[in-house]
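Novice: fold the following, please.
(one chain, ligands or ions: 1)
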Amino acid sequence: MSCKATARIPASTTNLGPGFDVLGLALQLYSTVTLEITGEDTEVVVSGVDFEKIPSTPEHSGFKAVETIFQRSGIPRPKGMRLRIENGIPAIRGLGGSGTAILGGLLTANELCDTPFSLSDILDIASEIEGHPDNVAASLYGGMVISVQDGKRIHTIKLDCDPALHLVLAIPEFTLSTQAARDILPDTVKFSDAIYNISRCSLLVASIATGQLDMLALSMKDVLHQPYRSNLIPGFDEVVEAASAAGALSITLSGAGPTIAAFCLNNMEIVGKQMKAAFMRHNIPCEIKVLRADPEGARVWTHDKENR
Ligand code: HSE
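Specialist: Coordinates of the predicted model:
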């Protein structure tokens, strides 16, 4: 057994409008997770972006993920382990940060145990811990991933994204827990609303698959979750309007929010400036990031051999 493994995992933006809990896109923004067998006390060390918002205790979801690999593989858990998380992803902002920590724990522990679990098994476990598959599937595989849950198994297809497609992310200073953003959703939906989302989600997948990005504006619309969640984000409508007026193709809530993602082929700088100004009119400072899709997904290596 190796003593130390590291995983680099991309952030993700999910739902992409109509694909609630189904569509995810990996982003070129990363967290790095290292698991080391030390023989000393168990330790979780968090550094980097928003480190103060992330618990650095064995209750951390990344460490729970490590324990899950040892429990389910039947391999005795080593006495002392250190999990080090170098976080590059703004926390609790709808960018899949918790999913990257879970994947980091699972992938590094799996690597130290000589890979008892396949990547597909890892996705099933990650999705079980996270509660939905869309973030972890995108972070694991890269590109845009369609996830379908069938019983306990998650089935996926990955699509490559046109590298010309950029995301301008307006990341507000305030956080919004996924649980709170799920709790406000209704229990049932209208038949016509279901058709609205199914049609747009299908068109969105086809437009990415065929490179017909002119269909993004029409396809990235949603009536199942954004109308409810936008009430939790002061200035949502104005930020969307500002991005659209500045030339964005389409604008969605990133995951459960509060980050707003504008998809652009050009005009990224002015779109970002206008989104920031619109949030500021509501006294909400925000950070702007311009990113492309990560094409590769998570990578993991031990410190004596590098592999996936
Ligand atoms: N699909 C999930 C949701 C993503 O929208 O609640 C949360 O990160």
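Novice: how many residues are close by Asp183?
Specialist: 9 (other C-beta atoms under 10 Å). To be clear about C-beta, it is placed using only N, CA and C from the backbone, and glycine gets the same treatment.
Novice: repeat for Val145
Specialist: 28.
Novice: how about Thr115?
Specialist: Using other C-beta under 10 Å, Thr115 has 16 other residues around it.
Novice: do Ile122 as well
Specialist: Ile122, neighbours per other C-beta under 10 Å, totals 23.
Novice: name the helix or strand for it, please.
Specialist: helix 119-130 (DSSP states H and E).
Novice: flag every buried residue along that helix.
Specialist: The neighbour-count check on helix 119-130 (16 or more other C-beta atoms under 10 Å) flags Leu119, Asp121, Ile122, Leu123, Asp124, Ile125, Ala126, Ser127, Ile129, Glu130 as buried.
Novice: what is the nearest of the residues you listed to the ligand?
Specialist: Glu130 (8.0 Å; C-beta to the nearest ligand atom).
Novice: residues in contact with the closest one?
Specialist: Glu130 sits next to Ser98, Gly99, Ile102, Val136 when contact means C-beta atoms under 8 Å, 6 or more residues apart in numbering.
Novice: can you show me the strands along the stretch 51-200 of the chain?
Specialist: Using DSSP state E, counting those that start in this stretch, the strands of the stretch 51-200 of the chain run over 81-87, 144-150, 153-159, 166-172.
Novice: so which of the ones you listed comes closest to Ala293?
Specialist: Ala293 lies closest to strand 144-150 among these, at 6.8 Å (C-beta to C-beta).
Novice: who in the stretch 51-200 of the chain is up against the ligand?
Specialist: His132, Asp134, Asn135, Thr178, Ala181, Arg182 (C-beta under 6 Å from any ligand atom).
Novice: which of these has the largest number of neighbours?
Specialist: Within those, most neighbours by other C-beta under 10 Å means Asn135, with 35 neighbours.
Novice: quick one: contacts for that one?
Specialist: Ser12, Thr14, Gly24, Gly96, Ser98, Gly99, Gly255.
Novice: tell me the spacing between it and Val205.
Specialist: 17 Å (C-beta to C-beta, to the nearest Å).
Novice: do the same with Ser2
Specialist: 39 Å.
Novice: can you check Leu27 too?
Specialist: Leu27 is 18 Å from Val205, by C-beta to C-beta.
Novice: more neighbours: which of the two?
Specialist: Comparing Leu27 with Val205 by other C-beta under 10 Å, the one with more neighbours is Leu27, at 25 against 20.
Novice: who does that one bridge with?
Specialist: Leu27 has these beta-bridge partners by DSSP bridges: Ala293.
Novice: what sits against the nearest residue to Phe174 once chain neighbours are set aside?
Specialist: Setting aside the residues directly before and after it, Phe174 is nearest to Pro258 in space (C-beta to C-beta, 6 or more residues apart in numbering), at 6.3 Å. Pro258 makes contact with Arg93, Gly94, Pro172, Phe174, Thr175, Leu176, Leu232, Ile233, according to C-beta under 8 Å, 6+ apart.
Novice: what number of residues lie near the last one?
Specialist: Neighbour count for Ile233, taken as other C-beta under 10 Å: 23.
Novice: from here on, count from 27
Specialist: With the count now opening at 27, the last piece we talked about shows up as Ile259.
Novice: which pLDDT value goes with it?
Specialist: Ile259 carries a pLDDT value of 97.
Novice: repeat that for the second one.
Specialist: At Gly120 the predicted local confidence, pLDDT, stands at 97.
Novice: for it, give its distance to Ala271.
Specialist: 23 Å.
Novice: burial count for Gly106?
Specialist: There are 12 residues near Gly106, going by other C-beta under 10 Å.
Novice: that one touches Glu62, doesn't it?
Specialist: No: the pair Gly106 / Glu62 is not scored as a contact, 9.1 Å apart, by C-beta atoms under 8 Å.
Novice: burial measure for the residue of the chain found nearest the ligand, as a count.
Specialist: Nearest residue of the chain to the ligand: Gly281, at 3.6 Å (C-beta to the nearest ligand atom). Neighbourhood size, Gly281 [other C-beta under 10 Å]: 28.
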